[in-house]
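**Q** Build me a model from this:
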Amino acid sequence: MKPAFAAALLLMTSSAQAAWLQVCPASSAPAGAPRAALPGPGEMVVVASASAALPGCRALPLGVDMSQVEALYPLAPQDKPARTILLYGPLDGKRFAPGSHDLPQPDPAGATPRREPMPLRTNLLPDARVRTFGVEERVAIAHANGKLRIVCRAGSRAAGVLLDGAWYMPLASSSLGADYAASGAFSVQVADAASAARESSHAVGELGVSSSRRSTALPLPAQLDRHGWRQFVILCPQEAATLELDSLRLEPAAAKAAPRSTWIWDRSEWMERGDALLAWARREAIGELFIVVTLDGPKVRNPAQLRAFVRKAHAAGIAVTSVEGDPHMVLANHRAATADRARAFAAYNRAAAPEERLRAMQFDVEPYLLPDAVLAPADRDRAYMAMARALREAAGDMAIDYVVPFWWWDKTELLDGLAKVADGLAVMDYRTAPDQIYGFAAPFLDWSAQHGKRVHIALEAGRVAPERQRRYVRADANEAGDLLLAQAGEVPVLVLLRQPVTRANAPLYRFSSERTLDGSATSFHGNKTALRRLLPELERDLGAWPGFAGIALHGWR
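**A** Reported below is the predicted structural model:
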């Protein structure tokens, strides 16, 4: 077995000015030199001014003066920077110290752009693509300012318009709403992928004769494959007629009531000040509390105290769920202890009276927070599912929920796997713009409809530390840049420079812009009044999905 050391990176000079990137065993790194950790145990990045030849090291000339080097920032081995590099760092201090990054990637050639969920209660016409059809060419349209006018001449052959857009139809209980006036009866149909392949569509209803403006809601057919939605079809009558369509929209069904919930991470809140916590929850219309419970291996440490609190909460109409959160739970060597935690809650519920039972156990495990050297990104989903299966076995028939980030929306295999072992999800939909909240929530609510599960949509109300975002763009030929993309073995390393240079021994990126991210896009902290106003609107729309379990508020208390 090889010795357990990995490369160290040293920026050196063979003269007074030439900068070198050196790959060395950690033991060869000179004491006192500035350094930053590399992926892998025992690795480090060291910036220094020294000879290019160090024992046991591999020197790589950077082609810049040592005086220009500001800092090193190693990426992960699998990172592949494209045209743009985003670096994030704290606001404090004059020197920019990147702590995280993002590497936007271009869409693959021929890739289909991601479709957004069809918005609810919103006129679709401004963004719709409208086309006429019919061999007799008897249809004329005027499509402008979010309205559509259809003029049909008399004819015996099928003719009309097709309306589509860059959406998919979500699985919310909904109907097709329209505001219109018509001099004849226009038939409305809808096509999905299967019916479109047969050159047919499903009947929706009729926009009947109405000389004055009229509003209607047409039920969508049960046989429609909503995720396979392709287009709406409006058919002309055989006689000459005109349709003036002011609005066409997806109208959600009346929402079912769903309680609000919140996380209480300080266990002393319920253990020492339980009455005050429940009184606050009632004032805030909170129907469920996610609390931290102290365990001793596979047992709850003080079951009598937990029973008393849950009993009081039950009497107040408030459900209680236990929450556990640690990214290390996903690791194989933590799996037995993690399963014991599920056994503890299951055993507690079996011994408790109905009014003393936890509604569920919730696991907030975020494997992406672990360093790549601890758990490789390629292994995260596999390890997560292994953990989830172990928890399912340990929990027996007690409900288990998982907290997941909104950007897991496209992890189809992982989400399908969770549907087999989880009872529900709480989605960290940490955005403040209503359209973004809806857009990130819809895929998970559709998952709930497909699998018969419940889904909480979580919003952030706690403080989010502000940070700087620096954007760097790949420099063109003969263009100056102040960021180098060097390669130390398998590890890409960003070398931040104090001043732009036009020549170097590595690809150059130029500083493009800087902005302050104050957290207002992700958290309602400091603007809880806006959140209070928004909650009924969100609950009204998201409640159209039968699996919507309510809004969960993080940092609310």
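
**Q** Just the buried positions in stretch 277-288, please.
**A** For stretch 277-288, the neighbour count (16 or more other C-beta atoms under 10 Å) marks Leu277, Leu278, Trp280, Ala281, Ile286, Gly287, Glu288 as buried. Heads up, the C-betas are built off the backbone N, CA and C, glycines and all.

**Q** These in helices, which ones?
**A** Leu277, Leu278, Trp280, Ala281 (DSSP state H).

**Q** Low-confidence ranges, the chain, go.
**A** 1-16, 26-37, 40-54, 110-113 (pLDDT under 70).

**Q** Give me the domain ranges for it.
**A** Split into domains by automatic domain parsing, the chain comes to 7-107+471-515, 116-252, 260-464+520-554.

**Q** what about the first one, distance to the chain center?
**A** The one in question is domain 7-107+471-515. Between the centre of domain 7-107+471-515 and the centre of its chain there are 30 Å (C-alpha atoms, centre = their mean, to the nearest Å).

**Q** now do the last one
**A** Distance of domain 260-464+520-554 from the chain centroid (C-alpha atoms, centre = their mean) equals 16 Å.

**Q** how near is Ala313 to Glu272?
**A** 15 Å (C-beta to C-beta, to the nearest Å).

**Q** Looking at those two, which is more packed in?
**A** Ala313 (23 against 11; other C-beta atoms under 10 Å).

**Q** Wasn't the more buried one part of a helix?
**A** Yes - secondary structure of Ala313 (DSSP: H, G, I helix; E, B strand; the rest coil): part of a helix.

**Q** Contacts only, for the residue nearest to it when sequence neighbours are not counted.
**A** In this structure, Ala313 finds its nearest non-sequential neighbour in Val320, 5.1 Å apart by C-beta to C-beta, 6 or more residues apart in numbering. Taking C-beta atoms under 8 Å, 6 or more residues apart in numbering, we find Val320 in contact with Glu288, Leu289, Ile291, Phe309, Val310, Ala313, His314, Leu358, Arg359.

**Q** Tell me who's in contact with Leu542.
**A** Ala255, Tyr438, Ala441, Leu445, Ile457, Phe548, Ile551.

**Q** Turn those into TSV, including neighbour count.
**A** As requested, the contacts of Leu542 are arranged in TSV below (neighbours: other C-beta atoms under 10 Å):
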residue	neighbour count
Ala255	18
Tyr438	23
Ala441	28
Leu445	26
Ile457	27
Phe548	25
Ile551	24
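
**Q** So which of those residues belong to strands?
**A** Ile457, Phe548, Ile551 (DSSP state E).

**Q** Surely the first one and Ala441 touch.
**A** Yes - using C-beta atoms under 8 Å, Ile457 is in contact with Ala441, at 4.7 Å.

**Q** Quick check: neighbours shared by the two?
**A** Common contact partners of Ile457 and Ala441 (C-beta under 8 Å, 6+ apart): Val427, Asp429, Leu542.

**Q** Serialize the residues you listed to a markdown table and add fields for secondary structure.
**A** Formatted as a markdown table, those follow (three-state DSSP):
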| residue | secondary structure |
| --- | --- |
| Val427 | strand |
| Asp429 | coil |
| Leu542 | helix |
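
**Q** ok, those residues vs His328, which is closest?
**A** Within the shared contacts of Ile457 and Ala441, the smallest distance to His328 is 22.2 Å, found for Val427 (C-beta to C-beta).
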